[in-house]
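Asks: Predicted coordinates and the sequence they were generated for:
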Amino acid sequence: MDELSLLARALPDAPPPSAEVVEKARLRLAGAQRKPVRRGRANRRGLAWGWALGAAATTIAVVMAVVTLVSNVTAVPAPVLVPADGNDALLRLADQIAKLPDERGDYWRRSLLNNGLIRVRAGGETFNVLSSSRADLWQPRDPGDPVQVEQWEQLVRPATEADERAWRAAGLPGTVQRVCMPGTRAGDCAKVRLLRSKPSQCVYTRAVEPGGVLGDSRLGELTLADLAALPGDAEQLREKLRTFWKTRRDSPPKDSFEEFLATSSRLLELPVKPSVRAAALRLLAGLPTTKVRGSITDPLGRPGIEVTFIKSEGFTAVFGTDDEVALRYTTILDPHTGTVLAANVAIAAESTEGLAKGTVMNYQAWAPGAGWTSERPERPRGCRLSDRPLP
């Protein structure tokens, strides 16, 4: 993969999100969504495979040209999908996707983009930068074939046109100082390098996974064969999920079955048949924890449905000098397939210095083009083979 191809994949034609990757640790956000965190810190554990990845560009000039292009793309208006009947929208979506054909292919491929805001200072200017990273997964249908995971280093750039002007006014520095809370240790407030010109930190793994177990174990140690065997009937799926819950009930956290059932939204991120996705949506639509908020445009400019499946408010995060920025989390679904477009979308519920209420602070988005393919993965050029599992 050359750098231009990587750049095109990592920065799709969409308006730049008003968010930045907070840190690699933010990949571990999903699990703690069940409970409110104590004031002062967001505490949400990992997403599928817990990948921390990055994207790369060819030169600073190319990157800034792409940033300018993306900044001027007009957002696609989201269709009116959700009337006042709320969760019934999920039932209608389930009816729609249950008619979709099963996908074929030898590999399930998904690319995860991680983006978030960082407050920085340089040359007398204070502004925000967008930190982006990327992970690519090739999961074989045949458990005897190797699983390939690629991680690309972060690409950091000014978040908006206004931030770019501040960066230019500061003299186009290649390194900026992170803005931190007073009293933060210097070692915990490292400088940030902007606009990396090549993927020097790209690493990948390629190995057969014993038993074909998926890296995402949030619903249990499942294989693609296990997912393929899931029923497309909502009540039968409920009972199958009960067996998953029973095998995990002695492992912390000790959730009730009802709490565990709410987390079945994770099936919408996994390679299940459309009929199973439809069954999961029917189950989720009937849960008191599920709330359809309405139509929305996701951070990559795609129309979607905003839904919360579990507790999403009462969290705080650190941003710049403010250690208690109130935020809420949401999930955005594809209105045609029911799959997740963006997860763990953290939206500021209040304003603070350098951050307006309603701004997306960080998110994880599945890149376009995901799904089953018969194309075999190639060993990525410019990447170092890792001898240990990627986090």
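Replies: Perfect, I can see it now. For clarity, every value in this text was computed on a predicted model and none was experimentally measured. Numbering: from 1, shown residues only.
Asks: Quick check on the residue nearest to T289 when sequence neighbours are not counted: phi, psi?
Replies: In space, not counting the residues next to it along the chain, T289 is nearest to A262; the distance is 4.7 Å by C-beta to C-beta, 6 or more residues apart in numbering. For every residue, glycine as well, the C-beta is placed using N, CA and C. The phi/psi pair for A262 (degrees, to the nearest 10) reads phi -60, psi -30.
Asks: Pretty sure A262 sits against T290.
Replies: Yes. Proximity of A262 to T290 meets the contact threshold set by C-beta atoms under 8 Å, at 7.4 Å.
Asks: Now do the shared contacts for these two.
Replies: With contacts defined as C-beta atoms under 8 Å, 6 or more residues apart in numbering, the residues shared by A262 and T290 are 284, 309.
Asks: E324 reaches T316, doesn't it?
Replies: Yes. Using C-beta under 8 Å, E324 makes contact with T316 at a distance of 4.6 Å.
Asks: more crowded one of those two?
Replies: Between E324 and T316, counted using other C-beta atoms under 10 Å, the more crowded position is T316 (21 against 15).
Asks: In the stretch 201-350 of the chain, where is pLDDT below threshold?
Replies: 249-253 (pLDDT under 70).
Asks: Could you report the distance from the residue of the chain positioned farthest from its centre to L281?
Replies: Within the chain, the residue lying farthest from the chain centre (C-alpha atoms, centre = their mean) is G124, at 33.2 Å. Taking C-beta to C-beta, to the nearest Å as the measure, G124 falls 52 Å from L281.
Asks: Would you mind writing the CA trace of stretch 275-294 as PDB?
Replies: C-alpha atoms of stretch 275-294 as PDB (Å, rounded to 0.1, in the frame of the first residue of the first chain):
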ATOM      1  CA  SER A 275     -31.400 -11.800   9.400                       C
ATOM      2  CA  VAL A 276     -29.500 -11.900  12.700                       C
ATOM      3  CA  ARG A 277     -28.900  -8.200  12.600                       C
ATOM      4  CA  ALA A 278     -32.600  -7.800  12.100                       C
ATOM      5  CA  ALA A 279     -33.400 -10.000  15.100                       C
ATOM      6  CA  ALA A 280     -30.900  -8.100  17.300                       C
ATOM      7  CA  LEU A 281     -32.600  -4.800  16.300                       C
ATOM      8  CA  ARG A 282     -36.000  -6.200  17.200                       C
ATOM      9  CA  LEU A 283     -34.700  -7.300  20.600                       C
ATOM     10  CA  LEU A 284     -33.000  -3.900  21.200                       C
ATOM     11  CA  ALA A 285     -36.100  -1.900  20.200                       C
ATOM     12  CA  GLY A 286     -38.100  -3.400  23.100                       C
ATOM     13  CA  LEU A 287     -35.500  -2.700  25.800                       C
ATOM     14  CA  PRO A 288     -36.100   0.300  28.200                       C
ATOM     15  CA  THR A 289     -32.500   1.300  27.800                       C
ATOM     16  CA  THR A 290     -32.700   1.800  24.000                       C
ATOM     17  CA  LYS A 291     -33.500   5.300  22.800                       C
ATOM     18  CA  VAL A 292     -33.700   6.400  19.200                       C
ATOM     19  CA  ARG A 293     -32.700  10.000  19.100                       C
ATOM     20  CA  GLY A 294     -33.300  10.700  15.400                       C
END
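Asks: how far out from the middle of the chain is it?
Replies: Centre-to-centre, stretch 275-294 and its host chain are 20 Å apart (C-alpha atoms, centre = their mean, to the nearest Å).
Asks: Run through the neighbouring helices and strands of the lengthiest helix in the chain.
Replies: The single longest helix within the chain, with elements called by DSSP state H, is helix 234-248. Counting contacts by 3 or more C-beta pairs under 8 Å, 6 or more residues apart in numbering; DSSP states H and E, helix 234-248 packs against helix 257-262, helix 274-285.
Asks: Would you quantify the distance from the residue nearest to T289 to K311?
Replies: As judged by C-beta to C-beta, A262 and K311 stand 9 Å apart.
Asks: Please work out which residues outside stretch 364-374 touch it.
Replies: For stretch 364-374, the surrounding residues in contact (C-beta under 8 Å, 6+ apart) are 9-10, 12, 27, 29, 47, 103-115, 134, 269, 271, 298-300, 302, 339-344.
Asks: Oops, could you answer that again for stretch 173-185 instead?
Replies: Applying C-beta under 8 Å, 6+ apart, the external contacts of stretch 173-185 come out as 118-123, 126, 129, 167, 170, 188-195, 318, 320-323, 354.
Asks: Can you point out the buried residues in that stretch?
Replies: 173, 176, 178-180 (16 or more other C-beta atoms under 10 Å).
Asks: got it, and stretch 343-351?
Replies: 343-348.
Asks: Format the CA atom coordinates belonging to that stretch as CSV.
Replies: The C-alpha coordinates for stretch 343-351 follow below in CSV (Å, rounded to 0.1, in the frame of the first residue of the first chain):
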residue,chain,number,x,y,z
ALA,A,343,-19.4,4.0,18.0
ASN,A,344,-18.5,5.6,21.2
VAL,A,345,-19.2,9.0,19.7
ALA,A,346,-18.4,11.4,22.6
ILE,A,347,-20.3,14.7,22.3
ALA,A,348,-19.6,17.7,24.6
ALA,A,349,-22.7,18.4,26.7
GLU,A,350,-21.3,21.8,27.7
SER,A,351,-18.9,24.4,26.5
